[in-house]
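Q: Output the structure for:
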Amino acid sequence: LSSVPLQILFYVNGIYYTFYFLVTLAMIVYKSQVFSYPDDFLAPDLALLFIMAILEVLRLYFGSKGNLTEEEAPLGLSLVITVGSVILSVYFLVWQTYVLKADVIINAVLLFTYGLESVLKVIAIAAFV
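A: Below you'll find the model as predicted:
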């Protein structure tokens, strides 16, 4: 009953999030050097990026574990954590101090994968029940 497309998406999303994290970190450093980035906003932006990375690791772990063991609880927990990741992604898309075109592109891709993953998680949970 495990969902192969969901498992593949977990793997691809893990690779993409590594890229996302490094690019977003580099862009924050770039913005702090090129633009007059307020010091009061630099630390919270970096902290939110690292919190998002921790959430992403937990989300992928519980999602993959729940899918492979065919258990609803870890998949459901992963779905709940996805909500937090979506909120943080929207923060980096809309409410960040400076939003570049690259921010819009990488966050749009990330939000698309979150949406696709969420649909597949709901389908997998329904199949497990």
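Q: Give me the phi and psi for the residue of the chain most remote from its centre.
A: The outermost residue of the chain relative to its centre, with distances by Cα atoms, centre = their mean, is S36 at 27.6 Å. Phi and psi for S36, reported as degrees, to the nearest 10, are phi -80, psi 80.
Q: Report the buried residues of the helix or strand encompassing A43.
A: Using DSSP states H and E, A43 sits in helix 39-69. Residues of helix 39-69 classed as buried by neighbour count (16 or more other Cβ atoms under 10 Å): 45, 48-49, 52-53, 55-56, 59-67. C-beta: built from backbone N, CA, C; applies to glycine.
Q: swap in stretch 92-104?
A: In stretch 92-104, counting by 16+ other Cβ under 10 Å, buried: F92, L93, Q96, T97, Y98, D103.
Q: Centre of the chain to it, how far?
A: 15 Å (Cα atoms, centre = their mean, to the nearest Å).
Q: Now do that stretch, average pLDDT.
A: Here stretch 92-104 scores 94 as its mean pLDDT.
Q: got the CA coordinates for that stretch in PDB?
A: The C-alpha coordinates for stretch 92-104 follow below in PDB (Å, rounded to 0.1, in the frame of the first residue of the first chain):
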ATOM      1  CA  PHE A  92      10.300  34.000   2.500                       C
ATOM      2  CA  LEU A  93       8.100  34.600  -0.600                       C
ATOM      3  CA  VAL A  94       6.100  37.600   0.700                       C
ATOM      4  CA  TRP A  95       7.200  39.000   4.000                       C
ATOM      5  CA  GLN A  96      11.000  38.800   3.900                       C
ATOM      6  CA  THR A  97      12.800  42.100   4.100                       C
ATOM      7  CA  TYR A  98      13.900  42.000   0.400                       C
ATOM      8  CA  VAL A  99      12.300  39.600  -2.000                       C
ATOM      9  CA  LEU A 100      14.300  39.000  -5.200                       C
ATOM     10  CA  LYS A 101      12.900  37.300  -8.400                       C
ATOM     11  CA  ALA A 102      15.000  34.200  -7.500                       C
ATOM     12  CA  ASP A 103      13.200  34.100  -4.100                       C
ATOM     13  CA  VAL A 104       9.900  34.000  -5.900                       C
END
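Q: Quick one: residues in contact with it.
A: Under the contact criterion Cβ atoms under 8 Å, 6 or more residues apart in numbering, stretch 92-104 has outside partners 23-24, 27, 31, 35, 37-38, 41, 45, 48-49, 52, 107-108, 111.
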